[in-house]
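**Student:** the following block contains a protein sequence and its predicted model.
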2 protein chains.
Amino acid sequence: MENFCYSIRTKIYFGKGQIHNLGNAIKNYGDKVLIVYGGGSIKKIGLYDRMINILNENNITYKELSGVDPNPRIESVREGAKICRENDIQVVLAVGGGSTIDCAKVIAAAVHYENDPWDLVKNPIKITKALPIVTVLTLAATGSEMNKNAVISNMSINEKVGTASELIKPKVSIMDPEYTYSVSKYQTAAGTADIMSHIFENYFTHTEAVDIQDSTAEGLLRTCIKYGKIAVEDPTNYDARANLMWASSWAINGLISYGTKNIGWTVHPMEHELSAYYDITHGVGLAILTPHWMKYSLNNSTVNKLAQYGINVWGIDKNLDKFEIANKAIDKTSQFFKELGIPMTLREVGINEEKFEIMAEKVTAKGKLGTLYPLTKEDVINIYKMSL
Amino acid sequence: MENFCYSIRTKIYFGKGQIHNLGNAIKNYGDKVLIVYGGGSIKKIGLYDRMINILNENNITYKELSGVDPNPRIESVREGAKICRENDIQVVLAVGGGSTIDCAKVIAAAVHYENDPWDLVKNPIKITKALPIVTVLTLAATGSEMNKNAVISNMSINEKVGTASELIKPKVSIMDPEYTYSVSKYQTAAGTADIMSHIFENYFTHTEAVDIQDSTAEGLLRTCIKYGKIAVEDPTNYDARANLMWASSWAINGLISYGTKNIGWTVHPMEHELSAYYDITHGVGLAILTPHWMKYSLNNSTVNKLAQYGINVWGIDKNLDKFEIANKAIDKTSQFFKELGIPMTLREVGINEEKFEIMAEKVTAKGKLGTLYPLTKEDVINIYKMSL
């Protein structure tokens, strides 16, 4: 096990009706909030009205920034920061999924930054101060509700970049699985793939003796496999929504990566390029790339971990040849995403070979990509091609 | 899954050499500390000298309270609080295992309490303020380094009682597995049993659909079984010490109990009575009682969870009859503790029937005991008798 520093200070109110804690959660930090949200879904499910009532009852005044896109744009960040400055906002309240929360995080930092906030995305060290962030989660996917990461897109230059800072970790997150009942089958499937991809990125390393981290990751993967399917078939199944929601946080809050030699992610940066050029659904891009990345990475130095995955997650007979176990596990992964209803080729989501070269160039600009089997530019192009 | 509120704000520096963070960790809260420790073991391993150097280098002044007993006494708490008041202590620094940390926790609260600190043990609600606590852990067992609990003994009235408050949760804990290299085989075995008992108390509930919590608990138990044995045989095996140490925190910091219907522990309060009358090693008492408690609790309403334990922790064939699986799992649990070198009868640790009646009376004074199969006074006596 490697050395690490654990610090997960976000307070989580998890479960049915936990929204009643919103007023107190905000008032610990101030009484002027910017509400950040996406489209109208929070109005459809009654969450918007409930929230406004709570703010009014607690004498909390608010401004709004709505229309935050999936793959949230730097333009929204600029606008949000401007509203905060003009209205002496004290707390940023994100209500939605990961895109909304990510956008709110960078807004919270941008308020205290004089120049263009795109700097904060490209260069996390420039984040030196941020408004406190409170979130109400409505989609189980990115884990942004409990971590320090934010991913922002700048479509004018085809860049989708992740930034991170302890300063933008939410202070409080309210996670009511019932808010995800209305998430479409497609987005539920994509969210499940996103959660699983976070776990894969953390799990597939070459660290010895991380039994706690590995067994937790494997349990989370089994949870996603079991409940992802149930949630797609039965959207108002509370247990499925609850397990997926809590899994989304664990997948990327540090619990399964502390102590591992995780020196860089692989499939996420490759997918960010797809989203930056084609604006596709993030989880779908991840699901398409993942099995091909696994297959491409399978060799003598990686087979043990891939076989461990097959045995402990998919229940494959441990007495088989380890390459056979690994290959079966990869096939089962692909089959699972397909059964969730995810289109499993790039062509189906409108992507062809045209940009492979430039995307692979960008994603390997700082060196080889990833931890399990570090990829060169050529490797990345090959995996994109396999995914067509 | 049940509603819950997650809040684990302790910062953990985990791994080799992390003691170098001690100075900064303390200085965030003050520069006058009370060092609380037990016997001379921290001097033998060089930790005491290293720590004093760091305090001196950082211009941190200190007083000392040494000689804290296993099953820490209320007398030590009184003395520690007095030293703090007389010296304007700002931070309580606990260096040792769970006993030392528990003692430090109640000292930190007692400083701000006018009357006798035993009140704070009997009535946690009286804890309204506490000095910040920093810990350096030297024994993997109680999990006190990352939770809000403290257990204090008052031998004059044969009481060993647990208290709890968010206010006494350590701010920072330094966990270097190398500090546990010198822990004896006996104490390593007892510590492993303590960790496993915490997991059992959290795991054996009647909550449906807590897949994340259950799979994590099962992974932690497998980790304890694997590495407990290795650590007893090979005390300087870093991976074994590291996994046990991190497991000790997870077992009782909330991660595996959030979302479960955990309405009360069983074996711990039963063991507290043994320690209160006979001052035995806590983990040994737990190991002796645990298999008998499991066997006594096995019935139609509990067999599914006990069989799940057998399949997922001990790898017992899931096609067997579920009572057979449960019984095999219980036998394996007992056998494991025996192989660790733990005396597995009460008689071996000097306990006879004499106090069973009064201990059972005390432990069920507020009603039935536990969650899996709530125990009456008669049930408790029966389990004590089975454990003779």
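**Tutor:** Great, that's in hand.

**Student:** let me see the ranges of the strands in the stretch 151-300 of chain A.
**Tutor:** Secondary structure of the stretch 151-300 of chain A (DSSP state E, counting those that start in this stretch): strands at A:159-164, A:172-175.

**Student:** what does the first one rub up against?
**Tutor:** Outside strand A:159-164, the residues within contact range by C-beta atoms under 8 Å, 6 or more residues apart in numbering or on different chains are A:71, A:106, A:120-124, A:127, A:148-154, A:268, A:272-273, A:275-276. Using the backbone N, CA and C atoms, a C-beta is placed for each residue, glycine as well.

**Student:** the residue minimising distance to the centre of chain A and chain B, how far apart?
**Tutor:** In chain A, the residue lying closest to the centroid (C-alpha atoms, centre = their mean) is A:Thr142, at 2.1 Å. As judged by C-beta to the nearest C-beta, to the nearest Å, A:Thr142 and chain B stand 17 Å apart.

**Student:** kindly report the same for A:Glu378.
**Tutor:** A:Glu378 is 36 Å from chain B, by C-beta to the nearest C-beta.

**Student:** what's the pLDDT at that residue?
**Tutor:** In this model, A:Glu378 is scored at 98, pLDDT.

**Student:** the one 5 residues further on too?
**Tutor:** The predicted local confidence for A:Ile383 comes out at a pLDDT of 98.

**Student:** distance of it from chain B?
**Tutor:** Remark: distance between A:Ile383 and chain B (C-beta to the nearest C-beta) = 30 Å.

**Student:** quickly find the element holding that residue.
**Tutor:** Taking DSSP states H and E as the definition, A:Ile383 sits inside helix A:377-386.

**Student:** chain center to that helix: distance?
**Tutor:** 23 Å (C-alpha atoms, centre = their mean, to the nearest Å).

**Student:** of all the residues in it, which ones are buried?
**Tutor:** Within helix A:377-386, the residues that count as buried by 16 or more other C-beta atoms under 10 Å in any protein chain shown are A:377, A:379-384, A:386.

**Student:** of these, closest to chain B?
**Tutor:** Closest approach to chain B among the buried residues of helix A:377-386 (C-beta to the nearest C-beta): A:Ile383, at 30.3 Å.

**Student:** contacting residues for whatever residue of the stretch 51-200 of chain A ends up closest to chain B?
**Tutor:** Per C-beta to the nearest C-beta, A:Pro177 is where the stretch 51-200 of chain A lies closest to chain B, at 8.1 Å. Residues in contact with A:Pro177, defined by C-beta under 8 Å, 6+ apart, are A:15-16, A:140, A:238, A:241-242, A:244-245.

**Student:** circling back to that earlier point, measure how buried the residue nearest to the residue nearest to the centre of chain A when sequence neighbours are not counted is and give me the count.
**Tutor:** Counting by C-beta to C-beta, 6 or more residues apart in numbering or on different chains, A:Gly98 is the residue found nearest to A:Thr142 once chain neighbours are left out, at 2.7 Å. A count of neighbours around A:Gly98, defined by other C-beta atoms under 10 Å in any protein chain shown, yields 28.

**Student:** using CSV, list the CA coordinates for the helix holding A:Ile383.
**Tutor:** Output of helix A:377-386 as CSV, limited to C-alpha atoms (Å, rounded to 0.1, in the frame of the first residue of the first chain):
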residue,chain,number,x,y,z
LYS,A,377,-0.4,8.3,-29.3
GLU,A,378,-0.4,5.4,-31.7
ASP,A,379,-2.0,3.2,-29.0
VAL,A,380,-4.8,5.8,-28.5
ILE,A,381,-5.5,5.9,-32.2
ASN,A,382,-5.7,2.2,-32.4
ILE,A,383,-8.2,2.1,-29.5
TYR,A,384,-10.3,4.8,-31.2
LYS,A,385,-10.2,2.7,-34.4
MET,A,386,-11.3,-0.5,-32.5
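
**Student:** that helix packs against which elements?
**Tutor:** Helix A:377-386 sits against helix A:267-278, helix A:282-297, helix A:356-363, with contacts defined as 3 or more C-beta pairs under 8 Å, 6 or more residues apart in numbering or on different chains; DSSP states H and E.

**Student:** nearest to A:His206, out of those helices?
**Tutor:** Among these, helix A:282-297 comes nearest to A:His206, with 11.6 Å by C-beta to C-beta.

**Student:** starting at the chain centroid, how far to that closest one?
**Tutor:** Chain-centre distance of helix A:282-297: 15 Å, with C-alpha atoms, centre = their mean.

**Student:** now the helix or strand harbouring A:Lys332 against helix A:282-297, angle please.
**Tutor:** Element membership of A:Lys332 [criterion: DSSP H and E] is helix A:322-339. Interaxial angle, helix A:322-339 versus helix A:282-297 (axes from the mean of the first three to the mean of the last three C-alpha atoms, to 10 degrees): 160 degrees.

**Student:** can you get me a residue count around the closest residue to A:Trp265 other than its chain neighbours?
**Tutor:** Setting aside the residues directly before and after it, A:Trp265 is nearest to A:Glu201 in space (C-beta to C-beta, 6+ apart), at 4.4 Å. Counted with other C-beta under 10 Å, residues neighbouring A:Glu201 total 25.

**Student:** cool, and the one 5 residues further on?
**Tutor:** In terms of burial, A:His206 registers 14 neighbours under the definition other C-beta under 10 Å.

**Student:** any idea which of the contacts of A:Pro177 is the one closest to chain B?
**Tutor:** A:Gly15 (2.9 Å).

**Student:** unless I'm mixing things up, A:Asn147 is touching A:Asn253, no?
**Tutor:** Yes: A:Asn147 lies in contact with A:Asn253 (C-beta atoms under 8 Å); the separation is 5.1 Å.

**Student:** ends of stretch A:306-326, what's the gap?
**Tutor:** Distance across stretch A:306-326, first residue to last, is 5 Å (C-alpha to C-alpha, to the nearest Å).

**Student:** residues of that stretch that come out buried?
**Tutor:** A:306-314, A:316, A:322, A:325-326.

**Student:** cool, and stretch A:150-164?
**Tutor:** By neighbour count on 16+ other C-beta under 10 Å, the buried set for stretch A:150-164 is A:150-155, A:158-161, A:163.

**Student:** from the chain's centre, how far out does it sit?
**Tutor:** Distance, stretch centre to chain centre, for stretch A:150-164: 14 Å (C-alpha atoms, centre = their mean).

**Student:** domains of chain A?
**Tutor:** With domains defined by automatic domain parsing, chain A comprises A:11-179, A:185-386.

**Student:** export these to a markdown table and tack on distance to B:Asp116?
**Tutor:** What follows is the domains of chain A, written out as a markdown table (distance: least, C-beta to C-beta, whole Å):
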| stretch | distance to B:Asp116 |
| --- | --- |
| domain A:11-179 | 33 |
| domain A:185-386 | 40 |
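
**Student:** tell me which parts of the stretch 251-388 of chain A are close to chain B?
**Tutor:** A:255, A:258-259 (C-beta under 8 Å from any C-beta of the partner chain).
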